[in-house]
Structure formats: structure tokens, C-alpha cells
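# Just need the structure, nothing else, for what follows:
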Amino acid sequence: MQPTLVAVAHGSRDPRALHTVSALLDRVRDLRPRLRVRLGHIELNEPLLDTVLDALDPGAAVLVPLLLGRGHHVKHDLPAAAARAPHLHVRVAAPLGPHPLLVEVLRDRLLEAGWTPGTAAVLAAAGSRDPDSATDTRRTAALLSERLGGVPVIAAHASAAAPSVPQALRSLAARGHHRAAVASYFTAPGRFAAQCSAVAPGPAADPLGAHPALARLVLRRYDDALAGWLADRARTAADRRSGHPDPRELATRRAAA
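You can find the predicted model right below:
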């Protein structure tokens, strides 16, 4: 049986967030009907991730973060949750971004909001103190700029990192882009997404939502994580047959000695 796909959302007090994420996972199930798909939240919404993992039968699971960069939740919270579920073999997939499929969704949402060619944009993200997260957002902004024909796209943040969305808009205005659009780099509606949209002088896109390309990306992350897991298991089995354990296994033995 295939490992369960456990999609991990951050959670939000905005009731639209849970509805949006549930609709996205319905698309995932439509694309792969035989795959078991569950939803867990890091905070604020039920079910919480620990509750979901505890309820799974012994076996395997792949955690797919519905998060857009390598922040604290991906690096620390998800591995910690996996460690609290010893009855499961857990693999943590990469976050959704950066990826060309995300850029496809961002472009579609901008077009729906009335974006026209030649209009600069701010990519509005939640923000994180982790520098890798900011790097991932900037990479997505660069990919989006290419997809929009080379117009300026500045990565900005609702909290924790600079520049802020208003600062990025002022920077574009100083370069002559007074009606810049705001691309919402959020999976679902919430407080930060609303704050970023409210300051847009031009088109303000909706969050990524239950876009078909986002559903395909969730499955891509699941498949990539599963492939890596199976490759690791095959290497470990081959090492054991040859009598040469994997270096990580040796390190574990030494630590336990």
C-alpha cells in the first residue's frame, strides 16, 4: 500500500482558509483516487498534525507541507512531529516553492485580477526569519518576472523580513511603476494575505487556492519524496548485503555506543 499523503497546512483563523485547503485536496484526490490523503495543521485549525499522525495505522506517510519556502515549520516542526509518531515511517517532502507550477498559478491569479502586460508586481509572502525562506521567495519572484515577460517583480513580506509590501511598492513607484500589482504568495486566504492586498495600488491577486496546477504540485512533491525514500532504502539494503553499512547507519551506531 502506498504511504499516506499528509498535507500540512499552517492553519488560520480565517474560515475561508480551511475551505480552500480542503478544496485543493479534493483536486488531489481526483487526480489520484487510490491515494490516501489526509490534512493536518501546524496550529489554529483542527485537525492538528499530531492528531492526524496518531490516528494513522502503523505504516508509512509522506508529509507534504502546503508551505512555500524553507522556514522554521519545514525544517523543525515537521521533523519533530514525525519523531513523535514512532509507529510510522515518515518522510518530509520539500515545500511547494520555488517551482514553475507555482509561477503558473501566480500568473493566472494576476490575470484574473486584471493584470496587463508590462505592469510590475510585488510578490507578497508571509515572511520568515529564516534566510532560506527569503531566498526561496526571491527565486519565485525572479521566475515570475520571467513568466511575465521580464517586468520587475520584487519579493516582499508581511512580517519578519524586509522589504515589507509597502516598501516594495514605494521602490517600484520610484522607478515609475505607480500602479504595480500585488501577487498573493499565500496558499489560502488569511490575515496577512488580506493586509497585502489592501495596499495594492493596482490589481491585487487572490491567493493560490485550489488551482489545478497547485494540486499537481502537491503530488509532484509527494512523488519526489517517495522516490528519494525508496532510493535510500535500496542503497541501505545493498550496503547490508555487501557488508558495508551506510555512513549514516554507522554514525547512528557510534552515537548509541
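
# buried sites along stretch 222-236?
Of the residues in stretch 222-236, those scored as buried under the neighbour-count criterion (16 or more other Cβ atoms under 10 Å) are 222, 225-226, 229. In this view, the C-beta of every residue, glycine as well, is placed from N, C-alpha and C.

# Asp108: what's it in contact with?
The neighbourhood of Asp108, defined by Cβ atoms under 8 Å, 6 or more residues apart in numbering, consists of 211, 213.

# Over to Asp26?
For Asp26, the contacting residues are Ala210, taking Cβ under 8 Å, 6+ apart as the criterion.

# helix or strand for it, which one?
helix 15-31 (DSSP states H and E).

# Tell me which other helices or strands the next helix or strand after that helix touches.
Counting by DSSP H and E, the next helix or strand C-terminal to helix 15-31 is strand 37-41. In terms of contact count using 3 or more Cβ pairs under 8 Å, 6 or more residues apart in numbering; DSSP states H and E, strand 37-41 is assigned the packing partners strand 4-9, helix 15-31, helix 49-55.

# so how far is strand 37-41 off the chain centroid?
Strand 37-41 has its average C-alpha position 14 Å from the chain's average C-alpha position, going by Cα atoms, centre = their mean, to the nearest Å.

# before we move on, what about stretch 185-205?
Taking Cα atoms, centre = their mean, one finds stretch 185-205 lying 17 Å from the centre of the chain it belongs to.

# Can you measure across that stretch, start residue to end residue?
End-to-end span of stretch 185-205 (Cα to Cα, to the nearest Å): 9 Å.

# Backbone dihedrals for the residue most central in space within the chain, please?
The geometric centre of the chain, computed from its C-alpha atoms, lies nearest to Leu67 (Cα atoms, centre = their mean), at 2.5 Å. Leu67 adopts backbone torsions of phi -120, psi 160, taken as degrees, to the nearest 10.

# Quick check: closest non-adjacent residue to it.
Here the nearest residue to Leu67 in space, its sequence neighbours aside, is Pro95; by Cβ to Cβ, 6 or more residues apart in numbering that works out to 4.7 Å.

# mind listing what the one you found touches?
65, 67-71, 74, 136, 221.

# Ala83 too?
Shown in contact with Ala83 (Cβ under 8 Å, 6+ apart): no residues.

# Read off the pLDDT value for it.
According to the per-residue confidence, Ala83 scores 97 in pLDDT.

# For the chain, just list every one of the strands.
In the chain, the strands defined using DSSP state E lie at 4-9, 37-41, 59-65, 88-92, 121-125, 153-157, 181-184.

# need the helices for the stretch 151-257 of the chain, in chain order.
165-174, 191-198, 212-242, 247-256 (DSSP state H, counting those that start in this stretch).

# The longest one packs against which elements?
Same thing as helix 212-242. Packing partners of helix 212-242 (3+ Cβ pairs under 8 Å, 6+ apart): strand 4-9, helix 15-31, strand 59-65, strand 88-92, helix 100-112.

# model confidence over the last one, on average?
In this case it means helix 100-112. Computed over helix 100-112, the mean pLDDT rounds to 98.

# Would you mark the buried spots in it?
By neighbour count, with 16+ other Cβ under 10 Å as the criterion, the buried positions of helix 100-112 are 101-110.

# now stretch 72-86
Buried residues in stretch 72-86, defined by neighbour count with 16+ other Cβ under 10 Å: 73-74, 77-78, 81-82, 85.

# Inside helices: which ones of those?
With helices taken from DSSP state H, the overlap with these comprises 78, 81-82.

# still on that earlier bit, which of the buried residues of stretch 222-236 sits closest to Thr20?
For those, the residue nearest Thr20 by Cβ to Cβ is Tyr222; the value is 19.3 Å.

# residues contacting the closest one?
For Tyr222, the set of contacting residues under the criterion of Cβ under 8 Å, 6+ apart consists of 5, 35, 62, 64, 93.
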